Structure formats: structure tokens, C-alpha cells
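**Student:** give me a 3D structure for the following:
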Amino acid sequence: MIAEFIGPGHKIYCDYHRGLNTQKCDSQGHFLPDGAPPPSCVQFELAKFLFKHAEMPASQIDTLLKIWATSLIELGSNPLFANHTDLYRVIDSMSVGAVKWENFKITYKCKRQDGQNADEQDELIKLAGLGGQDGQDEPNAPWMFDVYDVWYQDPHQVIHNLLRCTDIKDEMDFIPYQEFNATNKQRHWEDFMSGDWAWEEADKIISVNSLTTGATLAPIILGSDKTTTDYYPLYLSIRNVHNTTHHVHCDVVVLIGFLAMPKTFCKFKKQLFHSSLAHILCSLCAAMTVPETVLFSDQYYHCIIYLFAAYIADYEEQVLLSSIMHELDLQTLWDKYGIDRTIVPFTSKFPHADIQRMLSLDILHQLIKGGFKDHLVDWVEKYLIHVHGRSTAEKILDDIDRRIADVTPFTGLRCFPQGQHFKQWTGNDSKGLMKVYIAAIEGYVPEEIILTFSSFLKFCYLVCRNVITEPTLITIKDTLTSFHSHHGIFHDTGVHYPYLICQFGVPNGLCSSITESKHIKAHEQTLKNMGFWEGIACRMCLGTLVRAFFNAIFNSECILEQHPNETDHNALNKQDHEGDGEEPTTSFEEDPGDMDDSPMNMRDLAIKLNIPQFHNILQHFLQSQLQHDNHDPEDVPLDKCPFYDGSVNVYNSMSSMFYAPSDVSGLHGMRCEHICCSPTWRNEGSCYACVFVITNPHTKGMLGLDVAHVLCFFLFKHLGTEYPCAVICWFDCVGDGPNNTGMWVVHTCNAQDIAIIHIDTIYCAAQLIPVYASQHGIDPASIKPNESYNKFQFYYVNKFADHHAFEIVS
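**Tutor:** All right, here's what the predicted structure looks like:
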């Protein structure tokens, strides 16, 4: 192993694999000594100069190359190109980023008409003899002669393009590694190459063929998710790419095919699926045993070996993929379990491929949709009907819906004006609803159910962390045990997560939500607006044109679309790693475009906020900013405090930039959050957000934070210094820790407990949900979401609002 410290302060180090250590080589696969220049640079630069800059015609290129060859005779060398034809050949061999779409036809039997095949020019694959006849007695049933079109891009070329992409070269790992904390030697799991799978496969490859030493491992991830049409979109990525790069959709998850999927004959449909995959992926087979040389983005060649690592699929497709079990006889498998062992899986065509090991974790379908929506929520409804009867249960469910609808809007959290009863649940619906569900059902279900949901949500947030350590892994196991102790029905749910985290790294990089986000907008919307085949043709042509435009020859650097929540990442990259493992840092800025129409004086602002003592509060604030000791500024007499009665600028929002790598954030984990304080918001009334305020910077979590309700953002200048401020109303914590929901409870303070704080003390936005169960005198149906913070006395601090809140409030 080769150890190397990473990040500031030598807090983290990595042990890198000595065998598959991605050594540089030439185009023939011969390894280069350290410091050797890239073998392809001179050829590339000369071709670029002659063809693009000089625009030299072919005859002049030949003349130049002849003169050059003559000058090299005495040295016994040859020029880089023999003639213009040789130069053009090199140019033509360079990839421009666009992989053409191809197609083949697939059928069970080939139908003959008048002694001739239907179309001898098309590539036609016949499945007869591979099984899948579904026990049909008719040897010539009509379905056997149906022909299905499958469109695809060569995955071999797609992977080459990903490896050559210069914009993600710093977002990739090419050597298997194990990451440790230098202080306590505890293991960290993060990106895919940090998992045990990559390390163990590298050991196997070296043991089988020692000539692979120095090669580069490229784990291939496949994914598919059936749309509402008869076609499956098929996706591919390589797991050398970091998880955060997958999340910001930098075109590293590539659509490589549309699979045919007829609605008839189950066995034939399964074999059609597997045979299509095998044919599309066949170009990768040779390099799964003998490494091939590939040009990388650093302009060096590397010997690369491919392996199928994981397949992202929901439950239905996992059944389709893993249709082989060896423990039972064929008839029992088919009759009792619907599994047909006669199906030949696509992995049978490839070395070192095991479909059973490839089925990876899927947070979206296994936890969010499967565990929460399909089981827990349904279980609550059945429990209420069983205990109270259908009539009373329906009234309770209606009240639960009203509670959900009353939740105050929060950045990144969708609203549910109809509660949980809507026709079709999407993944985003489930993600949003699970964050507010506990508070809505409390009081109507026993404590065991509340504890079940609390454990479940905690488990979801833990496994979605961007970095998982050994203590976190222990906490995951303990949380899973707690879940089972409160709800034994789902005894088998989630037990494989700790093992697969060690194998594949953190599971947020292996989730079907990544592939769904690719096809929901790009595929379904296209097909909705035009005919099916017209839609596919349009998507292929448009994708080819766009990639060809941005990856034109000699200008082949990919252009990454900046994420809406990002700023300049080169400038933020250093900040991303400062204080690694510590609490995230935060920076703020007001939005000048969100300022009120004109400045106002302090007297008018006090009247607008209905705070008669506003001037006194401002004086104490200025005293706290100017004094240099630890005395309470409120102990200073008002006549000794600074006085200001000038103009102020009032703002309706502010933005907070902080490091939150587990959230849906930027490429380097930076997230921008807007905190609203507006009298009108989306034409639905006011929106005054709550925030976490740092009151003890030396203590982590809620013990170092307080919660406040923002009444106003304003800016004023005193003695040459600008003061961006917030007028807030404090909340007080109830108790010394979270209750059985796993959330802290706060209550409103005295109406006179108003303060002015500097916005540098604001940590980030907070979401509060009313404790409905303890406040029976309030009818949720009479309250609008924007009024929630003014109508109740007790609130949950929702640590399940997002990953960032979960980390700082836990």
C-alpha cells in the first residue's frame, strides 16, 4: 500500500492499492518512466497548428513534411506524419465527443416470406433456443415473429469520452484506496473507489493475471428505469467519478440505449431484456480480461480494464435482472415465486460479472418509496382504521392532511396543500412528505409508531451522508436495531446496508433518483410533446449536435453547466476543505434586487414593525458591536450607549452560502440558501422565516444554537461601518434534548423579547412545525401556512428538513 495525506492539517490519509495504480503508458501499452512527457501532445499540437491555425493546404503540408524528413535523415529519425493523408488520419481518429446512435432488431423467430428473410440488411438477433417461449403449444404463434427495434450508443466509445473529459479529471479516482482518520485510525467510506469492492476486485485481477499490474480499474455502473412508454432508457456511468459530480448532473450519467419491452409473454420479455443488454455491452468484453490502452484527459495513455460493478434498478427491475436462484427446482421457482431459471442473464457473456452482486442499494425505491410510502404510511392508515373504525379514521386522516398542509414553507421543501392524499406519488413527493409526517401524526398514534418513524428517518439521513465513518456505521446498525425493536414487521428491511456501504462506499452515489432525473424531463417530456419515434429521433439528433458543438476537434474541453446553487468553485474549493470534519462555515450577502423601494428612517421602521422600544434595542445592539469586553450590553445605561437615528435600507431576503456536502448542493458541497422576510410571497401572504443563531460558537449542535423568528432584515451605516442586521424574536427550548420524535421542542417567548443581531451570527434557515397534539384549541383548517409561526406556542425544530439540519440539530 502507498499512504498519502489529503486535505489540510494531515487529518486524513489514504492507503492506495499498489497493483492497479494507473501508471502512464504510450499508445502500445508500454509504461513510461516518471516525468516522461505525454506521447500524444506533439502530434496533437502539430495537427492543431497546421489544420486549424495555419489552415495549410494539403500540398503545402506535404512539402513541409518532406523538408522535415530530409532534416531528420542524419539523425536517423522520422517526422511525426508521413504526408497530409497521415495527418488527416490522426485528426479523424480523434473523438469529437458524439457517439453515433445505432440500432439492431430482435425477434424470437425469423419470419420468412416467399423464401426470403424480411430484411437482410438489418442486424437481426433471434432468441429461439434461449428459452422464453412461455409454454406456448403453438410452434408458430404470432408473437414469435414480432420484430423489436433497439437503439443504442457504443458504451465502449462513451466510456472513452468520459475518460477524456478534461472538466471532470479532478473529480475522478483511478486507484482503489482506503481512507482513514490520522488521529484515531478509523475508516472512512466516501466515493466508490474507497469501498472494499474496488480493493478486492483489484486483488483478484492481479492474482489472475500479474501482467495487469499498473493498469487502471474502471467500474461500470448500469441503470434503467421503465418509463410510461414501451421502452426502457438504459444509462451508463463509470464509478471513478465522485458522487458529488453525479449529483450536479455533469453529463457523467449517459443515456446509451432504449430497450424494447413488450407487454406480453413474461419469459420472452425477460430474455429479450437480457439479450438486448448483452448485445449492447458486448464491445466491452475483451477489455475485461486483457487491458486496453486509452487516452485520458491528461493526454497520457493508460492501460484500462473494465468490470461491471453495480446495476441501479427498482424492485421490479431487480426481479427482472436476478431471475436465477439455485436453491429450488425449476417448477417450484416458476410456480411459487415467478422465477424462471431458464432465462440466460446478460452477465453470462462477460467475465467476472455476477448479477446477484451487482444489484446495489437504492435509497429512492428501497427506503423512500418502499419503506416510507408503500409500508409505513400505509401501515399508519390501516392502524387507524383497525383501532377507530373507518368512519372515525377518515376524519383523523383528514385532520392529518390539514396539519401537513399548514406546514410553513421552507427552502427546498415542497408544500402539500392537499395533505398526503394525492393521486400519484413521485419520489420528490415521498422525500418531502417524510420530512413533516411525524409531527402530523403525533397524538393519533402510539409512541411506538412515533419511535418507528423517528428511527426510520434517522437511518435515511445517516446512510445519505457524503462521508460515512466507522462510528457512523455503528450508529446506522444501532438505528436499524431500534427500528426493528419498535416495528418488527419489516425485519428484513435494510439489514444489507452496512455491508454494501463497506463494499460500494456511501449509497448516495448509487441511487435511481440520478437516472430518474435524467429521463423524467429529457425523455418523457419529449415524447409527450411529439410522436414516439419522432421524439426519440429528435433526442438523438439534438444530443449529437450539442455534444459535437461543445466538443469540436481541438476544442474538446467539456463545458460544465454551473449548478444554480453554485458560485465560482475554483474560489470555493479551498474553503470546502477548511476545517474538514468541523461544523460548516457560512457566508452571507443581501440581495440588492430584493430591497424595499426606498430607505426609511428608524422611527418609520419602528412603526412598521410595531416595536415601540426599537430605538433602545438598536442602542444595545450598537453597544454590543463596539464594546470589547464580555459585559452584557443591556447592563449599560441607555445614555451611555451609541445612538443612531439615520436612514436604513430594508431587505426582503438574504442569502446564506455554506458547506453542506450531503445535501443537493454544488460540485464541491457548497449550498446557497435564501432566507425570506417578506410581507408578500407568491401572492399568498407574508413569509417570515426562522433561523438558527450562533449563541455559543464553542459548542456543537443545539446546545450552541438558538432559534429565532426573523421580523426584518435591514442595513445601516454608523461611524463609517456598515451593519447588516436582522430584527428577531427568540424561541426558548423545552427540555434539555429531543423528545421521542427525535426533534427538539421550542416555545414562543414574550412578545417583548425582541433583539437585533448581526447577520454574521445567523447559521442557516430553520423550519419549525407546530406541536399539534398539545394545542387542541387551534383548528388547523383555519390556519394558512404563512400564519403558522404566529398561531401556536410550541414547535418542533424539524431536523428532518434537510441533511444540513439533521447534522446540526442531532
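**Student:** switch to C-alpha atoms for all contacts and neighbour counts from now on
**Tutor:** Noted.
**Student:** where are the low-confidence patches of the stretch 51-200 of the chain?
**Tutor:** Applying pLDDT under 70 to the stretch 51-200 of the chain flags residues 92-97, 110-124, 126-143.
**Student:** would you map the helices across it?
**Tutor:** 58-73, 84-93, 155-164, 196-208 (DSSP state H, counting those that start in this stretch).
**Student:** isn't Cys502 right up against Asp196?
**Tutor:** Yes - in this structure Cys502 lies within contact range of Asp196 using C-alpha atoms under 8 Å: 5.8 Å.
**Student:** show me where the stretch 551-700 of the chain has its strands.
**Tutor:** 586-590, 600-601, 647-651, 653-659, 670-678, 687-688, 690-694 (DSSP state E, counting those that start in this stretch).
**Student:** picking that back up, what sits in contact with each of Cys502 and Asp196?
**Tutor:** Applying C-alpha atoms under 8 Å, 6 or more residues apart in numbering, one finds that no residue jointly contacts Cys502 and Asp196.
**Student:** pretty sure Tyr644 sits against His718.
**Tutor:** Yes - in this structure, Tyr644 is within contact of His718 by C-alpha under 8 Å, at 7.3 Å.
**Student:** neighbour count winner among the two?
**Tutor:** Between Tyr644 and His718, counted using other C-alpha atoms under 10 Å, Tyr644 has the larger neighbour count: 16 against 13.
**Student:** distance of that one from Ile762?
**Tutor:** 23 Å (C-alpha to C-alpha, to the nearest Å).
**Student:** repeat that for His279.
**Tutor:** 56 Å.
**Student:** between the strands of the stretch 551-700 of the chain, which gets nearest to Phe81?
**Tutor:** strand 670-678 (47.6 Å; C-alpha to C-alpha).
**Student:** so how far is that closest one from its chain's centroid?
**Tutor:** 21 Å (C-alpha atoms, centre = their mean, to the nearest Å).
**Student:** ok, it: who's next to it in the sheet?
**Tutor:** strand 653-659 (antiparallel), strand 687-688 (antiparallel) (DSSP bridges).
**Student:** then the first one to PDB, C-alphas only?
**Tutor:** As requested, the backbone C-alpha atoms of strand 653-659 are provided in PDB (Å, rounded to 0.1, in the frame of the first residue of the first chain):
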ATOM      1  CA  SER A 653     -34.400  38.300   1.900                       C
ATOM      2  CA  MET A 654     -30.800  37.400   2.400                       C
ATOM      3  CA  SER A 655     -28.700  34.500   1.000                       C
ATOM      4  CA  SER A 656     -26.600  32.200   3.000                       C
ATOM      5  CA  MET A 657     -23.700  30.200   1.500                       C
ATOM      6  CA  PHE A 658     -22.400  27.300   3.500                       C
ATOM      7  CA  TYR A 659     -20.700  23.900   3.100                       C
END
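**Student:** which of the helices of the stretch 51-200 of the chain sits most buried?
**Tutor:** Highest mean neighbour count of the helices of the stretch 51-200 of the chain: helix 155-164, a mean of 20 (counted as mean count of other C-alpha atoms under 10 Å).
**Student:** need the residues that contact it.
**Tutor:** 95, 97, 99, 169, 236-238, 252, 254, 256, 280-281, 283-284, 294-298.
**Student:** go ahead and build a ChimeraX selection from the buried members of the residues you listed.
**Tutor:** Buried residues among the contacts of helix 155-164 (16 or more other C-alpha atoms under 10 Å), as a ChimeraX selection:
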select :95,97,99,169,236,237,238,252,254,256,280,281,284,294,295,296,297
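**Student:** from Thr479, how far off is the nearest residue to Thr469 once chain neighbours are set aside?
**Tutor:** In space, and not counting its chain neighbours, Thr469 is closest to His188: 4.4 Å by C-alpha to C-alpha, 6 or more residues apart in numbering. Per C-alpha to C-alpha, His188 is found 19 Å from Thr479.
**Student:** of those two, which one has the most company?
**Tutor:** Neighbour count, other C-alpha under 10 Å: between His188 and Thr479, His188 has more, with 25 against 21.
**Student:** for the more buried one, list each beta-bridge partner.
**Tutor:** Glu179, Thr469.
**Student:** how far away is it from Tyr723?
**Tutor:** 42 Å.
**Student:** what do you get for Thr472?
**Tutor:** Distance from Thr472 to Tyr723, by C-alpha to C-alpha: 41 Å.
**Student:** and for Leu376?
**Tutor:** For Leu376, the distance to Tyr723 - C-alpha to C-alpha - is 49 Å.
**Student:** now swap in Ser194 and tell me
**Tutor:** From Ser194 to Tyr723 the distance is 46 Å (C-alpha to C-alpha).
**Student:** these two: which has the busier surroundings?
**Tutor:** Ser194 (26 against 18).
**Student:** I'd say the more buried one and Gly505 touch.
**Tutor:** Yes - using C-alpha under 8 Å, Ser194 is in contact with Gly505, at 6.1 Å.
**Student:** for Leu307, which of the strands of the stretch 551-700 of the chain is the nearest?
**Tutor:** Once those are compared by C-alpha to C-alpha, strand 670-678 is nearest, at 32.4 Å.
**Student:** that closest one to strand 647-651, inter-axis angle?
**Tutor:** 110 degrees (axes from the mean of the first three to the mean of the last three C-alpha atoms, to 10 degrees).
**Student:** tilt between strand 670-678 and strand 690-694?
**Tutor:** Using the same axes, to 10 degrees, strand 670-678 lies at 120 degrees relative to strand 690-694.
**Student:** which parts of strand 670-678 are buried?
**Tutor:** Met670, Arg671, Cys672, Glu673, His674, Ile675, Cys676, Cys677, Ser678.
**Student:** just list the residues touching the last one, thanks.
**Tutor:** Meaning Ser678. Contact analysis of Ser678 by C-alpha under 8 Å, 6+ apart lists Asn652, Ser653, Ser686, Cys687, Tyr688.
**Student:** which pair of the residues you listed spans the longest distance?
**Tutor:** Ser653 and Ser686, at 12.2 Å, using C-alpha to C-alpha across the contacts of Ser678.
**Student:** so what sits against both of these two?
**Tutor:** Cys677, Ser678.
**Student:** looking at the two, which is more packed in?
**Tutor:** Each of Ser653 and Ser686 has its neighbours counted (other C-alpha under 10 Å); Ser653 has more, 23 against 16.
**Student:** my guess is that one meets Phe713, correct?
**Tutor:** Yes - using C-alpha under 8 Å, Ser653 is in contact with Phe713, at 7.0 Å.
**Student:** what touches both of these two?
**Tutor:** Cys677.
**Student:** residues contacting the closest residue to Leu65 other than its chain neighbours?
**Tutor:** Leaving aside its sequence neighbours, Leu65 sits nearest to Asn83 (C-alpha to C-alpha, 6+ apart; 6.4 Å). Shown in contact with Asn83 (C-alpha under 8 Å, 6+ apart): Ile61, Asp62, Leu65, Lys66.
**Student:** torsion angles phi and psi at Asn83?
**Tutor:** phi -160, psi -170 (degrees, to the nearest 10).
**Student:** how close does it sit to Arg89?
**Tutor:** Separation of Asn83 from Arg89 (C-alpha to C-alpha): 10 Å.
**Student:** Ile67 too?
**Tutor:** 21 Å.
**Student:** swap in Ile159?
**Tutor:** The gap separating Ile159 from Arg89 is 22 Å, by C-alpha to C-alpha.
**Student:** now Leu638
**Tutor:** 84 Å.
**Student:** likewise Thr469?
**Tutor:** 51 Å.
**Student:** what do you get for Trp101?
**Tutor:** 23 Å.
**Student:** nice, that's everything, thank you.
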